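# Here is a sequence together with a model predicted from it:
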Amino acid sequence: MSIASNLCEWLAKRWLTLFFMMVFLVFGLGGFSGLAHSQADPGRFEVRSASTDFRSGVCFLNALVEYRLSSDARNALDSGVTLAI
């Protein structure tokens, strides 16, 4: 493996770690206000697959992510709230 490929793989692993930490902080800790309701349907983010590619000096991360929103988030969207992920 080349140095660029190893660097790309290292960055991809760190990016996914940071992504999951942010998801936990936003949705995990932020959901305590409606704890009883969110336990019934907490929602989830699941990375189904991920791969990296290094082309022309650029590291690309391709990922298939399943977003299942919690009941609270779906209700907010139904009410017209903008959701940024």
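Right, received. Where do you want to start? What you see is a predicted model; the values in this text were computed from it and never measured.
# Let me know the next secondary structure element after the helix or strand bottoming out on mean pLDDT in the chain.
The helix or strand of the chain with the lowest confidence, counting by mean pLDDT, DSSP states H and E, is helix 35-40 at a mean of 51. Downstream of helix 35-40, the first helix or strand assigned by DSSP states H and E is strand 44-55.
# Note down every partner strand of that next one and its orientation.
strand 58-68 (antiparallel) (DSSP bridges).
# moving C-terminal of the strand it pairs with, what's the next helix or strand?
helix 71-78.
# quick one: that next one to strand 58-68, angle?
Orientation check (axes from the mean of the first three to the mean of the last three Cα atoms, to 10 degrees): helix 71-78 against strand 58-68 gives 100 degrees.
# Pull out the buried residues from helix 71-78.
Buried residues in helix 71-78, counting neighbours by 16 or more other Cβ atoms under 10 Å, are found at 72-73. Every residue, glycine included, has its C-beta placed from N, CA and C.
# Give me the helices and strands touching that helix, please.
helix 35-40 (3 or more Cβ pairs under 8 Å, 6 or more residues apart in numbering; DSSP states H and E).
# Buried ones in stretch 51-59, by neighbour count?
Applying 16+ other Cβ under 10 Å to stretch 51-59 flags 52, 54, 59 as buried.
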